[in-house]
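> Pasting the sequence and the predicted coordinates here, then a few questions.
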Amino acid sequence: MSTQQSSSNTQTSQITPNTLLTAPRRWYLRVRLNVAEGFDGRFQPTGFPNLGPALYRAMNNGAPTDYLLVESAQSLANWMETMCLDPQNPCRYNSDCAGIPYVVVREKDNRVDWTSSLTEPHRLASDEIVGRDDKHPFRKILRNLLQVDKDRPVYLPKVAKRLFYIDPACLLHGVFLEKLDGRIRFPRLLSATITAKEPQAVNAGGVMRGYVKVAGPEGSIPYSIQHFASSDINLQLIFHTDTLKAWGLDEQEEKFIAAFALYKVDKLLNSFPRLRTACVLDPDGVPKFDPKLSDTIKAAFTTDRRKKVFGDETLPGPLTDGEKQGFKPFELDRA
């Protein structure tokens, strides 16, 4: 079976970082999903303001076919990132991922975590991290670390190499650092969507009945809902190997990116989230992943490797003795 066209329903060999890195252009995995018991085959898809459910037609085996977007790439990226976080410290990585660089913003007074580049929708490009203008101190620091100069050509591989040791999750899930330089844009390496083939609408409704009032915003309000049913629901995952190869990272750095992608896919499939109130789906079989992914994702983050890129520039130090290898996150005071 080609690494470009693989499905968990038939995948028998173990999937490793090398599986992704040796794919000719991209690695593709399709995982069939079933509606969980108790929902009678019905599910609630993602909806968009002024649009509703995302219905579309596309070619399938030479014939136009109806499809429904059940979950978007943006949403699944957020789910995969969330599964890497510490439930007790939701702005920080879990123990498997501790040591991977990122940025945390803390309250000045009590030093409590406010947000981080792992939780912000625009990651490092967020106003909470680089501010709303050039006066923000971390914007100046980040511009210097990435060697951004708007009066010179941008060489993205050089930026990628430095960004890797500041927040490599930005490379995996994409970032647009327009506040530093509008030319610095890294598209997603790992994309995931859920689609349903030949969806059938399930229209229903109800009444929100007020206990105290029968009129007004808290009175009796009828409403309609639209769910769907489908016998063919699939999670589709794509890792863009050719894009990664264009960024000029070395073998160890590329291996980390691939291992981190598989770690997130593994976490997603083995603890599949409840996407919405009435969108509960279960994978129909889970492929075999490299069991040492959590070890592999740490190997790239050593002091010697980082020093080759940054020299004597000041960055957060390594984790303290007795902890796993890697670096402490950047910790910023909330502006």
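Noted; the coordinates are in hand.

> So, low pLDDT: which residues of the stretch 201-335 of the chain?
Per-residue confidence for the stretch 201-335 of the chain (pLDDT under 70) gives these ranges: 320-324.

> isn't Thr65 right up against Leu55?
No - the criterion here is CB atoms under 8 Å, and Thr65 misses it with Leu55 at 11.6 Å. For every residue, glycine as well, the C-beta is placed using N, CA and C.

> how about the strands in the stretch 201-335 of the chain?
Counting by DSSP state E, counting those that start in this stretch, the stretch 201-335 of the chain has strands at residues 221-229, 233-239, 281-283, 330-333.

> In which helix or strand does Thr115 reside?
strand 113-116 (DSSP states H and E).

> counting contacts, what elements does that strand pack onto?
Applying 3 or more CB pairs under 8 Å, 6 or more residues apart in numbering; DSSP states H and E, one finds that strand 113-116 contacts strand 89-93, strand 103-106, helix 127-130.

> which residues sit against it?
Where contact means CB atoms under 8 Å, 6 or more residues apart in numbering, the residues beyond strand 113-116 that reach it are 89-92, 102-107, 126, 128-129, 329, 334.

> again with stretch 47-64
For stretch 47-64, contacts defined as CB under 8 Å, 6+ apart pick out 45-46, 65-69, 72, 197, 199, 226, 228.

> Out of the residues you listed, which sit inside strands?
Using DSSP state E, the subset of the contacts of stretch 47-64 located in strands is 65-69, 197, 226, 228.

> farthest pair in those residues?
For the ones in strands among the contacts of stretch 47-64, the farthest-apart pair by CB to CB is Thr65 and Gln226; their separation is 20.1 Å.

> How about stretch 74-93, which residues are buried there?
Buried residues in stretch 74-93, counted by 16 or more other CB atoms under 10 Å: 74-77, 79-85, 91-93.

> do the same with stretch 155-174
Under the neighbour-count criterion of 16+ other CB under 10 Å, stretch 155-174 has 159-174 buried.

> Check the gap between the residue most central in space within the chain and Gly174 for me.
Geometric centre of the chain, nearest residue: Ala77, 2.7 Å, by CA atoms, centre = their mean. Ala77 sits at a distance of 8 Å from Gly174 (criterion: CB to CB, to the nearest Å).

> Can you pull the residues that touch both of the two?
Residues touching both Ala77 and Gly174 by CB under 8 Å, 6+ apart: Arg188.

> In CSV: the strands of the stretch 201-335 of the chain, plus mean neighbour count and distance to Val31.
Output for these, formatted as CSV (neighbours: other CB atoms under 10 Å; distance: least, CB to CB, whole Å):
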stretch, mean neighbour count, distance to Val31
strand 221-229, 14, 19
strand 233-239, 21, 4
strand 281-283, 17, 5
strand 330-333, 17, 35
